[in-house]
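[1] Kindly generate the corresponding structure for this input.
(one chain, ligands or ions: 1)
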Amino acid sequence: MGKLTYSFLVVCSFAAAARAADDDVVADFESADYGGWVATGDAFGAGPARGALPGQMAVDGYLGRGLVNTYLNGDRSTGTLTSPPFEVSRDYLTFLIGGGAHAGRTCVELLADDRVVRTVAGEDSEHLAPFTWDVRDLKGRQARFRIVDQETGGWGHVNVDQVSLTDAPAQPPVGDVPLYQEAYRPQFHFTAARNWLNDPNGLVYYKGDYHLFFQHNPRGVNWGNMTWGHAVSQDLVHWRQGADALKPDATGTMFSGSAVVDWDNTSGFRSGDEKPLVALYTAAGGTSAESKGKAFTQCLAYSTDAGRTWIKYAQNPVLKHVRGENRDPKVAWHAPTKRWVMALYLDKEDFAFYASPDLKRWEHLQDLKVPGCSECPDFFPMTIDGGKAGSDADARWVWTAANGRYLVGTFDGTHFVPEPGEARRVEFGRNYYAVQTYSDAPDGRRIQVGWMNGGRYPRMPFNQQMAFPRELRLKRTDEGLRLFNTPAREIELLHGKRHEWSNLTLDPGGDNPLASVEGELFDIEAEFEAGTARTFGLDIRGERLAYSTTERKLNALGSAPLELKDGVLRLRVLVDRTSLETFARDGQVTLSSCFLPPADNKRLRVFTDGGSAKVRSLRVTELKPALPALETQDRAD
Ligand code: FRU
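    Next up is the predicted model:
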């Protein structure tokens, strides 16, 4: 008996070891043709290349004699090469990749159910380097591997070889660069230490701490397993990530919501010295195996230790399913009626308001349909022109949607009456969404955080970044009440060396006064006079922020209609490694966009085309990084 057990064990461990050593090769590109792979376009030819192609620099790093090389006919050729379906039989998929760094355009993709579930680009190098994806979440499923070349300009090709499934990858899946030192890590914008992030959640200030919860996938770099991640800052600039605060349970995964300080203990949750902090979130039923068949409901969690740990309320949900995928509760205190008010997203472009004396029992107040808007409503009081809160008959309530569009109106605790007209647009960039403001911020400040949705971070262990916090102000203008956005003044904590110019005349093709300044992180303030120019503006690492006097638009990774006042354009731009946030018209117009500038271009330029313009003043302030100190790094999962 003893002997039998022994030999059984030996057989098992041998089998496991043998399997680990023996990878499943999906393709080694050693044959004369592509076998069952399907090519489109003109970049692939009839079969694998043997090294470099005519006109190409030396190519190395591939295995054997053959590789896929889309430099066939130079950079201008394009196409795709897709594998037959194969089973994801191992924990990791590894391959060798070189070529262009155009995310999504010179890349490889893993497809499951015809959806792209992984993608990675080259690194502007002819060297093929190993890359690994953790594919445990796809194990047992059918997948296809696709090589994509859709780029015709410089580095418009991709090189690939040796696609294998393995249980023992030669290198770790996310590279061995230490956390926060990665090539595309934003330096003063919040990112999760690891893995996916989307909406800011539960923004609340209490006793010196700004809490930033966020939609988080603790298990991967793509959206899923929604959990509330948690970070804390004392200054809106330096963040420290702690343990996840709300994890999926049988009611669903944890979708977006908000948090407040319950100063008067209306909820009765207080148990010690600290005021209770109360979070309202959406339990997204039906989004996990555990919550299958359940509806989306609104739930409550509270903290009695100043936000360190969170307890889900035993009698959840506090608001039953209303309609569709109703979600994203945002709560505020209505002082005159001494009760809480909740803005909720219902479905399509429909929203609602509810009220509660204790954050637990909610009564329906009103529905609100807002064309052009959906998801993540926010609702908060503001005084006009910085007037005093409480005593000001001028106070208004501002409602915003996920895309930052806003309505200004009056609210008596029961009815919100917006001023007539459409929800007003502020944001014209490509990446600003799911905005939310802080509850209980000191000095009556109204600070908004947005998610820079859709930015690309090739090969990074994290995905997505928040925008830099903005301060909102409501001001009376000739056109009516308008919201103004400015970067939170705490950005000044990062200010370094400053370069200043004034009264410069800019001629087409003329000298670049900024030639001596190079870098990745800047706070720029510029005042231009259009003069006779057709376009003029700033060039930041090859990306143009250009005002067109003929189109009367500001084009800066996005396009905003903008009238100059007396021929003058004032801009404020925050430049981080992977994002540009541009503020125009004193913050009535913003363009927030992600970009992936070339590593070897750190140059700035002011320019004009088609006539002369003037730089009245230009101030370029270098910024210091605000990354977590290494010893304070906490694991995201
Ligand atoms: C907005 C959103 C929310 C939802 C969350 C899920 O980006 O779709 O409506 O609560 O993301 O992650």
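[2] any chance you could map the strands in the stretch 101-250 of the chain?
    Assigned by DSSP state E, counting those that start in this stretch, the strands in the stretch 101-250 of the chain fall at 106-112, 115-121, 125-134, 142-149, 158-166, 195-206, 209-217, 227-233, 240-241.
[3] what pLDDT does Arg118 get?
    At Arg118, the model reports a pLDDT of 87.
[4] Excluding residues flanking it in the chain, which one is nearest it?
    Leu110 (4.0 Å; Cβ to Cβ, 6 or more residues apart in numbering). Every residue, glycine included, has its C-beta placed from N, CA and C.
[5] so how many other residues sit close to the closest residue to Arg541 other than its chain neighbours?
    Setting aside the residues directly before and after it, Arg541 is nearest to Pro597 in space (Cβ to Cβ, 6+ apart), at 3.7 Å. By other Cβ atoms under 10 Å, the residues close to Pro597 number 17.
[6] burial count for the residue nearest to Arg118?
    Burial of Leu110, expressed as a neighbour count using other Cβ under 10 Å, amounts to 22.
[7] just the one 3 residues further on next, same as before
    Burial of Asp113, expressed as a neighbour count using other Cβ under 10 Å, amounts to 8.
[8] same deal with Ala314?
    With neighbours defined by other Cβ under 10 Å, the count for Ala314 comes to 6.
[9] thinking Gly480 is in contact with Pro420, fair?
    No. In this structure Gly480 lies outside contact range of Pro420 using Cβ atoms under 8 Å: 10.2 Å.
[10] OK, contacts around Asp305?
    Gly272, Glu274 (Cβ atoms under 8 Å, 6 or more residues apart in numbering).
[11] go again using 10 Å as the cut-off
    If you count contacts by Cβ atoms under 10 Å, 6 or more residues apart in numbering, Asp305 has them with Ser271, Gly272, Asp273, Glu274, Pro276, Leu277, Ile311.
[12] swap in Asp328?
    When contacts are counted by Cβ under 10 Å, 6+ apart, Asp328 is found next to 199, 201, 255-258, 280-282, 296, 298, 343-346, 351, 374-378, 401-402, 434, 436.
[13] circling back: so between Gly480 and Pro420, which is more surrounded?
    Gly480 (10 against 7).
[14] what's the neighbour count on the closest residue to Asn73 other than its chain neighbours?
    Spatial nearest neighbour of Asn73, excluding adjacent residues (Cβ to Cβ, 6+ apart): Asp42 at 6.2 Å. When neighbours are defined as other Cβ under 10 Å, Asp42 has 14 of them.
[15] And Asp42, what's its pLDDT?
    Asp42 carries a pLDDT value of 96.
[16] Surely Thr550 forms part of a strand?
    No. Assignment of Thr550 by DSSP: H, G, I helix; E, B strand; the rest coil gives coil, placing it outside any strand.
[17] and the residue nearest to it when sequence neighbours are not counted, how far is that from Ala101?
    Spatial nearest neighbour of Thr550, chain neighbours left out: Arg534 (6.0 Å); criterion: Cβ to Cβ, 6+ apart. Between Arg534 and Ala101 the computed distance is 32 Å (Cβ to Cβ, to the nearest Å).
[18] Looking at these two, which is more packed in?
    More neighbours sit around Ala101 than around the other of Arg534 and Ala101, counting by other Cβ under 10 Å; the figures are 21 against 17.
[19] what about the more buried one, distance to Met382?
    Ala101 sits 43 Å away from Met382 when distances are taken as Cβ to Cβ.
[20] cool, and Glu563?
    Glu563 sits 25 Å away from Met382, going by Cβ to Cβ.
[21] Of those two, which one has the most company?
    When Glu563 and Met382 are compared for neighbours, Met382 comes out ahead with 23 against 7, by other Cβ under 10 Å.
[22] Tell me who's in contact with the more buried one.
    Taking Cβ under 10 Å, 6+ apart as the test, what Met382 contacts is 389, 392, 394-398, 408, 437, 444, 446, 472-475, 481, 483.
[23] Disregarding flanking residues, what is the spatial nearest neighbour of it?
    Distances taken as Cβ to Cβ, 6+ apart put Leu474 closest to Met382, at 4.3 Å, once the chain neighbours are dropped.
[24] in which helix or strand would I find the one you found?
    Element membership of Leu474 [criterion: DSSP states H and E] is strand 470-477.
[25] what packs against that strand?
    strand 378-382, strand 396-400, strand 406-411, strand 433-437, strand 447-451, strand 480-487 (3 or more Cβ pairs under 10 Å, 6 or more residues apart in numbering; DSSP states H and E).
[26] So which residues of this protein form helices?
    Per DSSP state H, the chain has helices spanning 2-21. These are given in chain order.
[27] Around the ligand, which positions in it sit nearby?
    198-199, 215, 226, 255-256, 282, 327-328, 375-376, 402, 434 (Cβ under 6 Å from any ligand atom).
[28] hmm, 5 Å instead?
    Asp199, Gln215, Met226, Phe255, Ser256, Arg327, Asp328, Glu375, Ala434 (Cβ under 5 Å from any ligand atom).
[29] Please convert the residues you listed to a markdown table, extending it with pLDDT and distance to Ala556.
    Written out in a markdown table, the entries for the residues of the chain next to the ligand read as follows (pLDDT from 0 to 100; distance: Cβ to Cβ, whole Å):
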| residue | pLDDT | distance to Ala556 |
| --- | --- | --- |
| Asp199 | 98 | 24 |
| Gln215 | 98 | 27 |
| Met226 | 98 | 32 |
| Phe255 | 98 | 32 |
| Ser256 | 98 | 28 |
| Arg327 | 98 | 32 |
| Asp328 | 98 | 29 |
| Glu375 | 98 | 25 |
| Ala434 | 98 | 21 |
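[30] Of the residues you listed, grab the buried ones for ChimeraX.
    This is the ChimeraX syntax for the buried subset of these, where burial follows 16 or more other Cβ atoms under 10 Å:
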select :199,215,226,255,256,327,328,375,434
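[31] can you list the residues of the chain next to the ligand in a markdown table and add distance to Glu492?
    Listed next are the residues of the chain next to the ligand as a markdown table, based on distance: Cβ to Cβ, whole Å:
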| residue | distance to Glu492 |
| --- | --- |
| Asp199 | 27 |
| Gln215 | 29 |
| Met226 | 35 |
| Phe255 | 35 |
| Ser256 | 30 |
| Arg327 | 36 |
| Asp328 | 32 |
| Glu375 | 33 |
| Ala434 | 26 |
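[32] so how far is the ligand from the closest residue in space to Arg425 that isn't next to it in sequence?
    Among residues not flanking Arg425 along the chain, Arg405 sits closest, at 5.4 Å (Cβ to Cβ, 6+ apart). Arg405 sits 14 Å away from the ligand, going by Cβ to the nearest ligand atom, to the nearest Å.
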